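Q: A predicted structure for the sequence below; I have some questions about it.
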Amino acid sequence: MSGLVISGGRVVDPASGMDAVGDVAVVDGKIAAVGTGLGGAERVIDATGLVVAPGFIDLHAHGQSIPADRMQAFDGVTTTLDLEAGVLPVGSWYERQARKGRVLNYGAATNWAFARIGAMTGSNAESSLEAFGNAMRDRRWMDNVATDAEVAGILERLSRGLNEGGIGIGILNAYAPGAGVQELTAVCQLAAAKNVPTFTHVAFMSRIDPESAVEAYIRLIGYAGATGAHMHICHFNSSSKTDVERCRVLIAKAQAQGLPITVEAYPYGTGSTVLAAAFFSDPEFVERNGTGYDSVQRVTDGYRFHDREELLKAQAEEPSSLVLWHILDTEHNAHHRDLLDMSVLYPGGAIASDAMPWTTSDGKTYTGDAWPLPDDATSHPRSAGCFTKFIREWVRERKTVSLLEGVRKCALIPAEILSQSTPAMRAKGRLAKDADADIVVFDYERLSDRATFTAMNRPSEGVRHLVVSGQVLIGDGILDVTARPGKPVRRPVVEG
């Protein structure tokens, strides 16, 4: 047999339920066979003593660059998608990725926030972290209910993005809490008509009414029921904060009634976002969130804010700076650990990183080609170790789920969430004949995240081999820095 054979590993495939020693054969970017005795290939990887699994699929990764891809490769990721925020314009973004080449498979939704920025402020800058921060200087798109004409402009931009192949609609509702229910209903009706999911950062995250996390989830459930749109909940843990238990009950009941709602979470109690996010400037920030201003920490230098005045001043001066938000104290608080478990282990929920871009000490996004990353490159540990942390802690050490179920949450469930709307995802997340050859081979006993909040840019360890679109990207633990095997994940483009 020509091509590649991964031989003698523990093959773990949640789609078929297989968990047994076997071989996986790869030809022309596809899996040609799964079985035993599949030798005779041009290249053989001896996977004896290693786990062979479908590559992990990240539904929520904002990095979308070569350095971000490389860090995620060592986290076992083969497909990295920006769906919560998305991009705008969509077509030119995909063209730009193809020109420069990508390390991992990539894709994006169409960006509701930037559709709002364009329709309501007249700024049509392409979406980026810097453009997002700068747009927050004009709060009309954040605070105002859109007029009928503005709603029409928002829908037109979103529709164009979907026609250009956007995977769905990313709804950063918490960053524009002033958006009206009529507008969001129309956005969800568009998603339903186009048969695509919405990927929502819920509008509110407070633990108290009004504008509580519970209210936000009731709205999301209502959109699903009233429009039929598939509503995907982004970072269920950080959106729900200390009210995870109450929100979990609501979502489970809605799903039991057949509403099209799906969930993702990441295995950390600390979130990350841009400094200019609207919720940080809430006059009742402390009371509504149960955290002081010192819970907000600048990524580049580790500085923690002291009071509202200081934070508002920094918002005005450096709106696009990345910050950490320490929400759940999982190290010292047993109840907070239970809350994180409720979101990470939610039945049928996906693991997704919310990986942030890498930035250097000058606060600029790093998109260079250096490997390892520059010493001053910072982000959030989840940008380097989300999936390996989940497998290490929840699967191997704590045994809260089996390895088969752990891989399901990292690979198959994300693929299934997108399979109805995005044909390219139907061949991912599984080890089967004719499936895409996106494969991770790891040492189960050594697989571990290494990134911490004081050393963020340390790659995970234990991924011995990583195959992307049939090409070996990591071999014997060594990254091929010349490789650009990533292919676009994109819905069919509609001309005209």
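A: Sure, I can see it. Numbering: from 1, shown residues only.
Q: Could you find the closest non-adjacent residue to residue 488?
A: Leaving aside its sequence neighbours, residue 488 sits nearest to residue 94 (Cβ to Cβ, 6 or more residues apart in numbering; 5.7 Å). The way it works is simple: take the backbone N, C-alpha and C, and place the C-beta from them, glycine included.
Q: For the one you found, what are phi and psi?
A: Residue 94 adopts backbone torsions of phi -60, psi -40, taken as degrees, to the nearest 10.
Q: OK, contacts around residue 23?
A: Residues in contact with residue 23 (Cβ atoms under 8 Å, 6 or more residues apart in numbering) are 5-9, 11, 33-39.
Q: Identify the spatial nearest neighbour of it, chain neighbours not counted.
A: Using Cβ to Cβ, 6+ apart, the closest residue to residue 23 is residue 38 (4.0 Å).
Q: quick one: that neighbour and residue 26 touch, right?
A: No: Residue 38 is beyond contact range of residue 26, at 9.9 Å (criterion: Cβ atoms under 8 Å).
Q: Could you list the domains of this protein?
A: 3-54+432-479, 56-427 (the TED database).
Q: do you know which of those domains lies nearest residue 489?
A: Proximity to residue 489, assessed across the domains of the chain by Cβ to Cβ, is greatest for domain 56-427 (3.4 Å).
Q: and that closest one, how far apart are its ends?
A: For domain 56-427, the first and last residues are 13 Å from each other (Cα to Cα, to the nearest Å).
Q: now it, how far from the chain's geometric center?
A: Domain 56-427 sits 7 Å away from the centroid of its parent chain (Cα atoms, centre = their mean, to the nearest Å).
Q: Same question for stretch 456-468.
A: Its chain's C-alpha centre and that of stretch 456-468 lie 17 Å apart, by Cα atoms, centre = their mean.
Q: what mean pLDDT would you report for it?
A: For stretch 456-468, mean pLDDT rounds to 97.
Q: follow-up on the earlier one: the residue nearest to residue 488 touches residue 167, doesn't it?
A: No: counting by Cβ under 8 Å, residue 167 is not a contact partner of residue 94; they are 10.7 Å apart.
Q: Of these two, which one has the most company?
A: Under the neighbour definition other Cβ atoms under 10 Å, residue 94 and residue 167 were set side by side, and residue 167 has more, 28 against 21.
Q: wait, that one sits on residue 424?
A: No: look at residue 167 against residue 424 with Cβ under 8 Å: they stay out of range, at 9.0 Å.
Q: Identify the residues contacting the residue nearest to residue 23.
A: Residues in contact with residue 38 (Cβ under 8 Å, 6+ apart) are 1, 5, 7, 23-25.
Q: now those as a markdown table including pLDDT, secondary structure and distance to residue 71?
A: Output for the contacts of residue 38, formatted as a markdown table (pLDDT from 0 to 100; DSSP: H, G, I helix; E, B strand; the rest coil; distance: Cβ to Cβ, whole Å):
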| residue | pLDDT | secondary structure | distance to residue 71 |
| --- | --- | --- | --- |
| 1 | 51 | coil | 33 |
| 5 | 97 | strand | 28 |
| 7 | 97 | strand | 28 |
| 23 | 98 | strand | 30 |
| 24 | 98 | strand | 25 |
| 25 | 97 | strand | 29 |
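Q: low-scoring stretches of the protein, by residue?
A: Applying pLDDT under 70 to the chain picks out residues 1-2, 496.
Q: Run through the residues that contact the most centrally placed residue in it.
A: When Cα atoms, centre = their mean is applied to the chain, the residue found nearest the centroid is residue 60 (1.2 Å). Listed by Cβ under 8 Å, 6+ apart, the contact partners of residue 60 are 81-84, 199, 234-235, 264, 266, 352-355.
Q: please redo it, this time with the cut-off set to 7 Å
A: Neighbouring residues of residue 60 by Cβ atoms under 7 Å, 6 or more residues apart in numbering: 83-84, 234-235, 264, 352-354.
Q: contact partners of stretch 73-80?
A: Under Cβ under 7 Å, 6+ apart, the answer for stretch 73-80 is 55-58, 61, 69, 72, 103-106, 384-388, 428, 438, 440, 442, 459-460, 463, 466, 468, 473-474, 479, 489.
Q: Pull out the buried positions in it.
A: By neighbour count on 16 or more other Cβ atoms under 10 Å, the buried set for stretch 73-80 is 73-80.
Q: And stretch 214-231, by the same measure?
A: Residues of stretch 214-231 classed as buried: 214, 216-217, 219-225, 227-231 (neighbour count, 16+ other Cβ under 10 Å).
Q: re the thing from before, now, which of the buried residues of stretch 73-80 lie within helices?
A: Those of those mapping onto helices are residue 73, per DSSP state H.
Q: In TSV: the buried residues of stretch 73-80, plus distance to residue 151.
A: Output for those, formatted as TSV (distance: Cβ to Cβ, whole Å):
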residue	distance to residue 151
73	41
74	44
75	39
76	41
77	36
78	38
79	33
80	32
